[in-house]
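Student: Quick one: sequence and predicted model below, then my questions.
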2 protein chains.
Amino acid sequence: MLLRMSTLLLRTLREEPAEAEVPSHRLLLRAGYVRRAAPGGFTWLPLGKLVLDRVCDIIRDEMAAIGGQEVSFPALLPREPYEATNRWTDYGDDIFTLKDRRGSDYLLAPTHEEMFTLLVQDMTSSYRDFPLLLFQIQTKYRDEARPRAGLLRGREFLMKDAYSFSLTDESLAARYAEVRAAYQRTFARLGLDHTIVSAVSGAMGGSASEEFLAVSEVGEDTFVGCTVCAFAANTEAVVTPVPRVREKSHGPLTVHDTPGTPTIASLVDLANERALGGRTDWTAADTLKNVVVTVHHPGGEDELLVIGVPGDREVDLKRLDAALAPATATLFDDFTARPDLVKGYIGPQGIKARYLADPRVAPGTAWLTGANEPGKHAVNVVAGRDFTPDGTIEAAEVRAGDPCPACGDGSLTIRRGIEIAHIFQLGRRYTDVFGVEVLGVDGKPVRPTMGSYGVGVSRAVAAIAEQHHDERGLLWPDEVSPVDVHIVAAGKDGQVDAALRLGAALVEAGLRVLVDDRPNVSPGVKFTDAELIGVPRSVVVGRRLAEGYAEFRDRRTGTREEVSITDIPRVITAALG
Amino acid sequence: MLLRMSTLLLRTLREEPAEAEVPSHRLLLRAGYVRRAAPGGFTWLPLGKLVLDRVCDIIRDEMAAIGGQEVSFPALLPREPYEATNRWTDYGDDIFTLKDRRGSDYLLAPTHEEMFTLLVQDMTSSYRDFPLLLFQIQTKYRDEARPRAGLLRGREFLMKDAYSFSLTDESLAARYAEVRAAYQRTFARLGLDHTIVSAVSGAMGGSASEEFLAVSEVGEDTFVGCTVCAFAANTEAVVTPVPRVREKSHGPLTVHDTPGTPTIASLVDLANERALGGRTDWTAADTLKNVVVTVHHPGGEDELLVIGVPGDREVDLKRLDAALAPATATLFDDFTARPDLVKGYIGPQGIKARYLADPRVAPGTAWLTGANEPGKHAVNVVAGRDFTPDGTIEAAEVRAGDPCPACGDGSLTIRRGIEIAHIFQLGRRYTDVFGVEVLGVDGKPVRPTMGSYGVGVSRAVAAIAEQHHDERGLLWPDEVSPVDVHIVAAGKDGQVDAALRLGAALVEAGLRVLVDDRPNVSPGVKFTDAELIGVPRSVVVGRRLAEGYAEFRDRRTGTREEVSITDIPRVITAALG
């Protein structure tokens, strides 16, 4: 494949595009890989399509290597199968729905669990047909409330979804391990520095859930690691260790006037000043903050919920949503409608609302908290004595330095990452719904169990761009670079012809080549464009053409060497390994 | 690539599927290439996906050979660009539309003229950027009133749309010719027996329109050819030759009682019986039939229209729709609302409705037609004297034996075909709407002119299946067969192992191989499945394995020969050319 810049649909941008917030988005726009076409929808330009195709090929290759079979479902699907699994309702506004000309309900599928399950029901009958590993690479749709960051969070994007079907839990675990290993190989080939973290599985259901996160400051996911052990988890999946409460008899609950203390900081100051409960060492961690939220149950009624967390921590709305999924929550602010909830002075004792507490609010712990009257707080409010939560909830923020829930010895570090894959053992949720049964080895019917393995394909392109760029432009890993070599014709004394001849020779050697043969474009502009486009290896056919030499540049190592033009194919082939 | 039937997601069907009307649909279902997933939406199973990918590769290859550059647009697009070109309205119920969570209007794009035009406006600035040939292979959506015939007319399908952008009409004509030739090569490689016919370009606008029709009895398009010259056209595009009317003075218009003659046949009988106008040689062709239709203007009011055609011809509703596009028509039947239109006795003289006549109703021709009173007809109703149509319309059926409109000497033959491609010179309709201008060679702004070149990719797979099957199953052309060779292990004395070893050797030789290694399946079933699946070349590893022989079968020629197993790779490679 030989591409010529003189005819290529490419227009590099010198200016930073105002619409772009993150480096991958800025650079993919500036270097002419994508263009915005709709809110959350992008057009792949010729260079971008080449990169996307290479990413798809690597994914296919690694899936085929573990026996994955490729299929392709429609994206536009009738409501019924999604109604059967409740996902039509659970996804709420997050999916695009529409009516056809006859008024029947359809959706643009966010994922295809239902369809894979129905297909396997249709196509299999006996244990001989299992295990199965099926996948597709397909355009997906989600009506994101806030599409952002270019390809990182769009409303139309390319995804690979894969499902395994097994007859035993052992077989499911084995398939899961195979796909996990295949994904590690895939992301290594894509050049993605990634971490595998424990995760929650959201609206799709399931257990044994892990995410592959490409480490990146612009990632939307935060994840923790342990300073001592191998623990790694998405913050949404972090389980707070329950403190061991020493047996201790607390004094009786007492109520105190605490005027003008609507915030934790003002409360702690006043508590120490007045030595409430005889103490002057109050900290925010001794207080119990009660946050009121409205829970939106998809397809159902809204519900009021009060969440109790230690006063030194905020409620993390993403962790809260993960804990409530498929329901979502927003902060409640209509306190006039609930005079029993005294804003700034709420306490869990005698509260008339569903109340869930942080695991740190363990039975036997005592708290400084609101007294449910304006300007009053209570001391020695003991969990299990003065109030009993309706349950616990993982909604408090996770902080660097928190104790590791796995080993208990280390403390947590926090980093950000881009979710590039999510794998989990889905189990029989979908085969139960559709009553899938096949003949088992022993002649009895067996219900298959499923694994779910998604990769964000277009998002992976952006993640690669995030991890592989410098101040001058993109710098692709070899296996996903749009071409293997970028030849710059720098000069008007036959350099263009020579560059094209060299390009043809390299194509002959099996390479993908881009030649910058643009007339009337200065070498300086060509070099700048080459760096922006980010092919790791380039050849400059310039002044020393007359002597038979060109310059071979390796952008990654920064090396430049004069090489005899006849030697270039050998040098590049060697460099590509 | 080596596929094993023991693990392949494949279930062949012995029974004819009730839902399938045409051979391609029946066979693609029975042989396990596709499954129905939604009304007008199909899932590609592993074998089907392989064929589809090969078809795409051939299309890409031929587009790249003429300098086509591949891009990829979103399918979900905002209303505005389609509103600007009026297509949002023109397509009416034929497109899927939806609202996002904010209530904004979107559509699932039926084609992408607007987006290609806006992209070129964004990415180009001068004559140096032209000509351009861009394409994408993409899932498209149309809300067909009656999805039918499997992949032949779906609501979600794969299409390649391509557009050329030129600065001169000559350049457009040259691009058009290049794509036309590339499509001839493409369809030849796909094994599609096709005819290129003149066509109309429908809601997309444009001229110099041609369709590639795969000749097939199940095709929805009818097309004509001439017995003498090279003329070929879709019936919708046939232009009726206007008869040369000899100067002749007709007698005066006279009205006659013709009770009980609501049909042309009854009218002709009575006219001859009573020697109306002194003639007893009346035929249906002497009568003028006036058909009332309601025209539905997209986004506008309905309109009543009367169409006059010679009484020996029906109105062809497809030709009528093509003539009225983007409006559509249905037969009018509410005659009580229009007492001036006397059903069965309508004449064009003094009619109070828009009246369009067949070109045969030329000025100076005289007709036997209704007198606009119940039970009365008029004789010597002369076009241009007693009535003047508001215009002519091509709505009368085209019949085998009609004179050729091109040479005038030959007569027309009629065949059916499947539209697999449509190319036309679109012109400046879209660049006008968006005001696209670039700097011309002379320093003045120039407006690009476009060519439009679509291929029905998934439909092409069905068309290939229509043309390449026999009573035993599919029989793929070499270049699109899911694999190059199908090896059947027929026996339990090591045949399976030998077949797999042979398969591995063939893969080593660069071939795609399917091995039927299913245990507990009889040779008879395996042979039947192999014929149904339709790989043209197979190898049977059977009884003579012990002597080192296998049977090489060429399904197309019907030959079978015993070949030494070590010789099989050479024989197959030779057979594949």
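Tutor: Everything's here; your move.
Student: give the contact list for the most centrally placed residue in chain A.
Tutor: Chain A has A:Glu419 as the residue nearest its centroid, 2.4 Å off, counting by CA atoms, centre = their mean. With contacts defined as CB atoms under 8 Å, 6 or more residues apart in numbering or on different chains, A:Glu419 is in contact with A:Glu211, A:Phe212, A:Leu213, A:Gly219, A:Glu220, A:Asp221, A:Gly456, A:Arg459. All C-beta spots, glycine's among them, are computed from the backbone N, C-alpha and C.
Student: Name the nearest of those relative to chain B.
Tutor: Distances from chain B to these, taken as CB to the nearest CB, are shortest for A:Arg459 (15.0 Å).
Student: which residues does the residue of the stretch 151-300 of chain A found nearest chain B contact?
Tutor: The minimum distance from the stretch 151-300 of chain A to chain B, using CB to the nearest CB, falls at A:Glu156 (4.6 Å). The contact partners of A:Glu156, by CB under 8 Å, 6+ apart, come to A:Ala38, A:Gly40, A:Gly41, A:Phe42, A:Thr139, A:Lys140, A:Tyr141, B:Pro74, B:Ala75, B:Leu76.
Student: out of the residues you listed, which one sits closest to B:Val539?
Tutor: A:Thr139 (38.8 Å; CB to CB).
Student: now for whichever strand or helix holds that closest one, which elements pack on it?
Tutor: Using DSSP states H and E, the element containing A:Thr139 is strand A:132-141. Here strand A:132-141 touches helix A:46-65, strand A:69-70, helix A:113-123, strand A:156-166, helix A:169-189, going by 3 or more CB pairs under 8 Å, 6 or more residues apart in numbering or on different chains; DSSP states H and E.
Student: Return the angle between stretch directions for the fourth one and helix A:113-123.
Tutor: With axes from the mean of the first three to the mean of the last three CA atoms, to 10 degrees as the criterion, the two stretches strand A:156-166 and helix A:113-123 enclose an angle of 40 degrees.
Student: Go through stretch A:410-418 and flag the buried ones.
Tutor: A:Gly410, A:Leu412, A:Ile414, A:Arg415, A:Arg416, A:Gly417, A:Ile418 (16 or more other CB atoms under 10 Å in any protein chain shown).
Student: Ignore what I typed, I meant stretch A:440-454.
Tutor: Result for stretch A:440-454 [16+ other CB under 10 Å]: buried residues A:Val446, A:Pro448, A:Thr449, A:Met450, A:Gly451, A:Ser452, A:Tyr453, A:Gly454.
Student: Repeat that for stretch A:131-151.
Tutor: With the criterion 16+ other CB under 10 Å, stretch A:131-151 contains buried residues A:131-144, A:147, A:149-151.
Student: The regular element (helix or strand) spanning A:Leu412 vs helix A:46-65, what angle?
Tutor: According to DSSP H and E, A:Leu412 maps onto strand A:412-427. With the same axes, to 10 degrees as the basis, strand A:412-427 and helix A:46-65 are set at 60 degrees to each other.
Student: What residues does the stretch 101-250 of chain A have near chain B?
Tutor: Where the stretch 101-250 of chain A comes near chain B, counting by CB under 8 Å from any CB of the partner chain, the residues are A:101, A:104, A:106, A:108, A:115, A:119, A:122-125, A:128, A:132, A:134, A:139, A:141, A:143, A:145, A:155-156.
Student: Could you pull out the strands in the stretch 351-500 of chain A for me?
Tutor: A:354-357, A:366-370, A:376-382, A:391-392, A:412-427, A:438-439, A:445-446, A:449-456, A:469-470, A:473-474, A:485-489 (DSSP state E, counting those that start in this stretch).
Student: Mean pLDDT added to the ones you listed, as JSON lines?
Tutor: Listed next are the strands of the stretch 351-500 of chain A as JSON lines, based on pLDDT from 0 to 100:
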{"stretch": "strand A:354-357", "mean pLDDT": "94"}
{"stretch": "strand A:366-370", "mean pLDDT": "92"}
{"stretch": "strand A:376-382", "mean pLDDT": "92"}
{"stretch": "strand A:391-392", "mean pLDDT": "92"}
{"stretch": "strand A:412-427", "mean pLDDT": "94"}
{"stretch": "strand A:438-439", "mean pLDDT": "96"}
{"stretch": "strand A:445-446", "mean pLDDT": "96"}
{"stretch": "strand A:449-456", "mean pLDDT": "96"}
{"stretch": "strand A:469-470", "mean pLDDT": "95"}
{"stretch": "strand A:473-474", "mean pLDDT": "96"}
{"stretch": "strand A:485-489", "mean pLDDT": "97"}
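Student: So for B:Gly435, which of those strands sits nearest?
Tutor: Comparing these by CB to CB, strand A:473-474 comes nearest, at 32.6 Å.
Student: Check the offset of the closest one from the chain's centre.
Tutor: 23 Å (CA atoms, centre = their mean, to the nearest Å).
Student: I am finished for the moment; much appreciated.
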